[in-house]
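Q: sequence first, then the predicted structure, then my questions.
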Amino acid sequence: MQAHILDRIRNIEDLPTLPSVALEVLSLAHQIDVSIQSIAECIHRDPPLAAKVLRMSNSAFYRRGDRKIETLHHAIIFLGLAQIINITTSLSVFSALKSRKAQEVSIRENFWDHSVATGLIARYIDKKLSMRSMGREFVAGLLHDIGKIILDQYFHEEFIAAYNMSLDKDMSMYETEMEVCGTNHMEVGYYVAKKWNLPDYLGDVILWHHQPSQAAHRDMAALISIANLLAKAKEMSCGGDRMSFILSDQEAWQVLKERGYAVEALDIERITFEMETIGDQVKHYIDTVMEPAEAEKANG
Amino acid sequence: MDESLSGTCPKMTDETFILLRDFIYEQSGIYFADNKKGQLENRLAMRLKVNNLLDYDKYYYLLKYDPQAGRELRALFDSVTTNETSFFRSPPQIQAFQEKVLPEIITRKDKQHDRMIRFWSAGCSTGEEPYTMGIVIRQVLNDKHANWDIKIVASDISEKALHSAKAAMYSDYSLRAVAPEIKQLFFTPDGNSYRIIEDVRNLVDLQYLNLNDAKRVQIMKGFDVIFCRNVLIYFDDEARKRFVSQLYNSLNHGGYLFIGHSESLHNISRAFKLVHFPGALGYKKE
C-alpha cells in the first residue's frame, strides 16, 4: 500500500486547483512580448485576486517609495512584470492550499510561518550574495514544501506518523516520509507543480531543495536549501526535526561556492542574529496576504 | 532603571540605533537585534549622562571621532554586557549542550573506550554556569555517571567571585529559570538560599585564572566543551584573536566552544566550524 501514495495522489480528483486566472497569468508570463495591458486585464477578471495583488503591491514588503499604487497597471509599471507574476503566484497558491479546517491540529499551524520565513531569508541572502533572483527566490521559498500540505491533507495519518518519527528519531521529514509513505514531500510537491503548470524553476526547487546539486536551477535550489535550514535554526520549522547543521558542510553551500558566489565572505553569525525578528516579518506578511476577515478569524 | 530617570531619558532614533548597533558589532562582535533597541537605549542612558550628552547621536560621534573614545569604549562595553549571571542562562545554548553536544561526545567516546570528559567554564563568575553544566551532565549521564571521569574546570579572575562559587549558595533570583524538579534534585534549601548538592559541587574544579595571561592559558588543554560567554568583550581586538586561537588549541578534536548568545567570532577566527543548533550557535573544532 505504502509504495502507491504517489499513484494515489495522481488519482485524487479533488486535488486543490489554482484559480484559472492565475494559470493564465503564469502562461502569459512564458510569452516573450506579453503586454502590461493583457496581464492587467487578465488579473482584473478575478476581482478578489486583483484587490489582493494591489494590496500586496502597496505593502511594506513590495512597495517602493512613498507613492501609493492605485491601479494594477501602475503596479506592473512600478514593481515590474516579474514581481507582479511573483505576487500573483504566491497569492494564488496560498489561497488554494490554505487550511480547510481552521483549527486543525497539524503541521499546518506552522506551515506558512516556515514557508514565509524561508522566502524572507532567501530574499535576504539573495541580496547579500547579489544573486539577482528578482523576487523569484521569495516565491520559491514560499512554495518549496507544498508537497507537505498535500500529504497532510490526503494522507493525514501516514504523514503524522512520519512527523512523529522524525521527532522521535531525530531524522529529516523527507527520510521518515519515504519510510512511512514510500514517497516524500518533494516528489508530491513536484507532481502538483507540474499539474499546475508552475514555472520550471519552482518545480525544480520543490523537487531538489534537499539535493540542490541535482537541480537544473541549481543556484535557486541551493539558495532555498540554505534559507530552509536557517529558518529551522530560528525555530521556524514545520517538520518536527530539531536538527543541527554546519552550513559550510552543506551541499547547497558547495553549489553556491562552485557557482562563484562569495559565500565565504558572508557573516553568517550576523545574518543569524538579524533573523531574530523574523517572526514579526512573517506575521506581517501573512496578515497582508489574508483578507482582513480571515485574519480576524485566525486570530480570534 | 530608576523610574524618575527614564522619564527624562532621550529617545534613540532608528537611524542612530543602527549606527550604534553596527559600531558595537564591529568593535565587539556583540549584536543587538532590531527588537533590542529599548535595551540598548536603557544600557546607554547612563553613558549619556556621564558624558553630559543630550542625545544618542552625539554619543555615537563621541565614540567614532573623539580622541578620548578609547576610554569611553571600555565603559560602553561594560554597559552593554550584562554582568549578572544565573542558572540555565540562554536556555537554547544549554539545550544544545544537553540534547546535541553531550550525546554526540558521549557516543564518540564510548566507541573509543575513552571514559574521560573535560569541560571548562572560562570566566565562571560566581559559579552558576559551571554548576548548570554539572547538573546537565548528571542528567544526561543519568545512572551511568559512575562509569565516567568528569571534570569541569571553572576559572575566573575575581577571587571574590570564586569564593562565592565555592560556597555555592544561591538566591531564589539566580534560580529563577530552574525547573522545580531540578531544584528539588540538585539543590538543598538552606535558610533563604539554596545550595548546590555535593555530587555536582564535586564535579567542579574552581581555579583562579587571568585569561589575558597567555602562558597560563596555554597549559589549559584537553577540553571537550568550553563555555566562554560574554568574556571576549573584555579583550582588545588583538588579544581577542590570540585568546580565541588559544581556546581552539585547548579543545580536543570534535570539541565545542560556546560564546555569548549574541556574540560572533566572524572577524576573530576562521578555525572553527560554525554549528547551527535550534535557536543557538556553537563552534566546533573538527
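A: Everything's here; your move. Residues are numbered from 1 along each chain as shown, chains lettered A, B, ... in the order given.

Q: tell me where the stretch 101-250 of chain A has helices.
A: Taking DSSP state H, counting those that start in this stretch, the helices of the stretch 101-250 of chain A run over residues A:108-128, A:136-143, A:146-154, A:156-169, A:173-181, A:185-195, A:200-208, A:218-233.

Q: so what's the residue count around the nearest residue to B:Asn35 once chain neighbours are set aside?
A: Leaving aside its chain neighbours, B:Asn35 sits nearest to A:Thr277 (5.1 Å; criterion: C-beta to C-beta, 6 or more residues apart in numbering or on different chains). All C-beta atoms are positioned from the backbone trio N, CA, C, and that covers glycine. Look at A:Thr277: counted by other C-beta atoms under 10 Å in any protein chain shown, it has 14 neighbours.

Q: got a pLDDT number for A:Thr277?
A: pLDDT, A:Thr277: 88.

Q: who's in contact with it?
A: B:33-35 (C-beta atoms under 8 Å, 6 or more residues apart in numbering or on different chains).

Q: closest one of the residues you listed to B:Gly282?
A: Proximity of these to B:Gly282 (C-beta to C-beta) peaks at B:Ala33, which lies at 18.8 Å.

Q: for the residue in the stretch 101-250 of chain A that chain B sits nearest to, give me its contacts.
A: Nearest residue of the stretch 101-250 of chain A to chain B, counting by C-beta to the nearest C-beta: A:Ala233, 4.0 Å away. Applying C-beta under 8 Å, 6+ apart to A:Ala233 gives the contacts A:245, A:272, B:276-279.

Q: where's it relative to B:Cys9, distance?
A: 35 Å (C-beta to C-beta, to the nearest Å).

Q: cool, and A:Lys195?
A: 59 Å.

Q: hang on, A:Ile149 packs against A:Phe111?
A: Yes - between A:Ile149 and A:Phe111 there is a contact under C-beta atoms under 8 Å: 6.4 Å.

Q: neighbour count winner among these two?
A: Per other C-beta under 10 Å, whichever of A:Ile149 and A:Phe111 has more neighbours is A:Ile149, with 28 against 20.

Q: re earlier: out of the helices of the stretch 101-250 of chain A, which one sits most buried?
A: Across these, the average number of neighbours (mean count of other C-beta atoms under 10 Å in any protein chain shown) peaks for helix A:136-143, which reaches a mean of 28.

Q: name the helices or strands packed onto that helix?
A: helix A:81-97, helix A:108-128, helix A:200-208, helix A:218-233 (3 or more C-beta pairs under 8 Å, 6 or more residues apart in numbering or on different chains; DSSP states H and E).

Q: now that helix and helix A:185-195, what's the angle there?
A: 120 degrees (axes from the mean of the first three to the mean of the last three C-alpha atoms, to 10 degrees).

Q: helix A:136-143 - what's its average pLDDT?
A: Confidence for helix A:136-143, expressed as mean pLDDT, is 94.

Q: who's the closest spatial neighbour of the spatially most central residue of chain B, skipping the chain neighbours?
A: Residue closest to the mean C-alpha point of chain B, counted by C-alpha atoms, centre = their mean, is B:Arg229 at 1.8 Å. Closest residue to B:Arg229 apart from its sequence neighbours, by C-beta to C-beta, 6+ apart: B:Gly260 at 4.5 Å.

Q: helix, strand or coil for that neighbour?
A: coil (DSSP: H, G, I helix; E, B strand; the rest coil).

Q: what's the burial count for it?
A: 21.

Q: tell me the contacts of it?
A: Going by C-beta under 8 Å, 6+ apart, B:Gly260 touches B:30, B:90, B:229-233.

Q: before we move on, what about B:Glu198?
A: Neighbouring residues of B:Glu198 by C-beta under 8 Å, 6+ apart: there are none.

Q: next: B:Cys9.
A: With C-beta under 8 Å, 6+ apart, B:Cys9 has these contacts: B:41, B:45.

Q: mind checking how far it is from B:Ile135?
A: Counting by C-beta to C-beta - B:Cys9 and B:Ile135 are separated by 39 Å.

Q: and for A:Met173?
A: 32 Å.
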